[in-house]
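**Q** I would like the atomic coordinates for the input below:
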Amino acid sequence: MNPTAKLEISVLSAALTLGILGDALLRCFPWGVNFALWAGLFAAAIFFLGRARPQAFARGGAWLLLPIALSPLAFLWHESPALKALNVLCLLTALSLAMLRAQSGRLRTSSLMQYALGSLVAGFNAAFGMLSLLLGNREWNKTAGWSELRKAVAVLLGLALAIPPLLIFGALFMGADAVFRSLVVRFLQAVPTHLLLTAFIAYIVGGYLRGLLFGKDLNLGTQKRLL
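**A** This is a model prediction of the structure:
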């Protein structure tokens with residue numbers, strides 16, 4: 001498997017992990033330590049994945065990771081909703097600048113229009129980048145051979161065979177124990193919202209990471225002097 005395919009799979013894995021953690025952490029309001037922790041993990045994912053794709057932060061561009069990592073920490077001591085909103089705005093601005101630079105933008109000489117375009121590109125990738133990563137002509141699709149497909153089919157077949165006895169014994173336990181029945185009903189009612197939030201966060205994160213590490217949707221400058 002070539003390095004590009006490995007990085008694409010790492011991006012998908014990071015997006016799914018952050019989606020699961022986002023569902024667990026970001027449901028509690030008002031945001032505080034939970035958002036700081038999740039956003040810190042997001043910044044760590046950008047840092048470690050960026051090491052495998054140095055073009056995104058070439059020639060000192062890693063300094064942009066500093067505001068991405070520090071902005072969420074302000075949630076640890078700011079209780080004002082207005083200040084928290086400003087912190088979120090700071091984080092989004094830092095993410096937009098990182099995307100602008102990854103798209104060959106020159107931050108020192110860019111105009112306000114180019115900054116606005118960088119924000120639009122970041123939003124565009126967050127909205128549609130995951131589709132390209134999953135359905136496009138990507139390296140990880142090419143390297144997935146028949147052996148991996150057979151393993152996936154075997155896993156799905158095992159899960160399919162396990163479902164009928166699980167349903168039968170589950171129904172028997174629900175009929176015998178009212179407490180267990182109540183827990184199962186509550187679990188089944190909560191599952192759709194958890195899956196939806198997990199999928200939404202993973203989709204947005206994966207799309208942004210795809211644009212940051214692979215995307216060249218808008219040529220905003222040259223590659224010579226990016227700082």
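**Q** Next one, pLDDT for Gly61 please.
**A** On pLDDT, Gly61 comes in at 63.
**Q** Starting from the strand or helix carrying Cys90, tell me the next helix or strand along the chain.
**A** Following DSSP states H and E, the helix or strand that holds Cys90 is helix 81-102. With elements assigned by DSSP H and E, the helix or strand that comes after helix 81-102 is helix 112-135.
**Q** still on that earlier bit, if you count neighbours, what's buried in the helix holding Cys90?
**A** Judged by neighbour count (16 or more other CB atoms under 10 Å), helix 81-102 contains these buried residues: 84, 87-88, 90-91, 93-102. C-betas here are computed from N, CA, C, even on glycine.
**Q** Hmm, Leu213 is touching Pro54, no?
**A** No. Taking CB atoms under 8 Å as the contact criterion, Leu213 and Pro54 are not neighbours in contact, 10.3 Å apart.
**Q** Neighbour count: the two, which is higher?
**A** Neighbours of Leu213 and Pro54, each counted by other CB atoms under 10 Å, are more numerous for Leu213; the result is 22 against 11.
**Q** For Thr17, see how far away the more buried one is.
**A** With distances taken as CB to CB, to the nearest Å, Leu213 is found 16 Å from Thr17.
**Q** Now the phi/psi pair for Gly175, please.
**A** In this entry, Gly175 is assigned phi and psi values of phi -70, psi -30 (degrees, to the nearest 10).
**Q** and it, how far is that from Ile46?
**A** Summarising the geometry, the distance separating Gly175 from Ile46, computed by CB to CB, is 50 Å.
**Q** Neighbour count for these two, which is higher?
**A** When neighbours are counted by other CB under 10 Å, Gly175 and Ile46 differ, and Ile46 comes out ahead with 25 against 10.
**Q** Would you mind checking which helix or strand in this protein has the lowest mean pLDDT?
**A** Of all helical and strand segments in the chain, the minimum by mean pLDDT, DSSP states H and E falls on helix 139-143, at a mean of 64.
**Q** hang on, the earlier thing: packing partners of the helix holding Cys90?
**A** Under the contact criterion of 3 or more CB pairs under 8 Å, 6 or more residues apart in numbering; DSSP states H and E, the helices and strands touching helix 81-102 comprise helix 65-70, helix 112-135, helix 178-213.
**Q** what's the burial count for Phe124?
**A** Close neighbours of Phe124, defined as other CB under 10 Å, add up to 16.
**Q** ditto for Phe128
**A** By the other CB under 10 Å criterion, the neighbourhood of Phe128 contains 15 residues.
**Q** got the contact list for the nearest residue to it once chain neighbours are set aside?
**A** If the residues on either side of it in the chain are set aside, Phe128 comes closest to Gly207, at 6.5 Å by CB to CB, 6 or more residues apart in numbering. Applying CB atoms under 8 Å, 6 or more residues apart in numbering, we find Gly207 in contact with 125-131, 133.
**Q** Swap in 10 Å and give it another go.
**A** The neighbours of Gly207, taking CB atoms under 10 Å, 6 or more residues apart in numbering as the test, are 11, 15, 122-134, 215.
**Q** if we can go back for a sec, out of the helices and strands packed on helix 81-102, flag the one nearest Ala39.
**A** Proximity of the helices and strands packed on helix 81-102 to Ala39 was assessed by CB to CB; the nearest stretch is helix 65-70, lying at 7.9 Å.
**Q** I'd like to know which elements the closest one is packed against.
**A** helix 33-51, helix 81-102 (3 or more CB pairs under 10 Å, 6 or more residues apart in numbering; DSSP states H and E).
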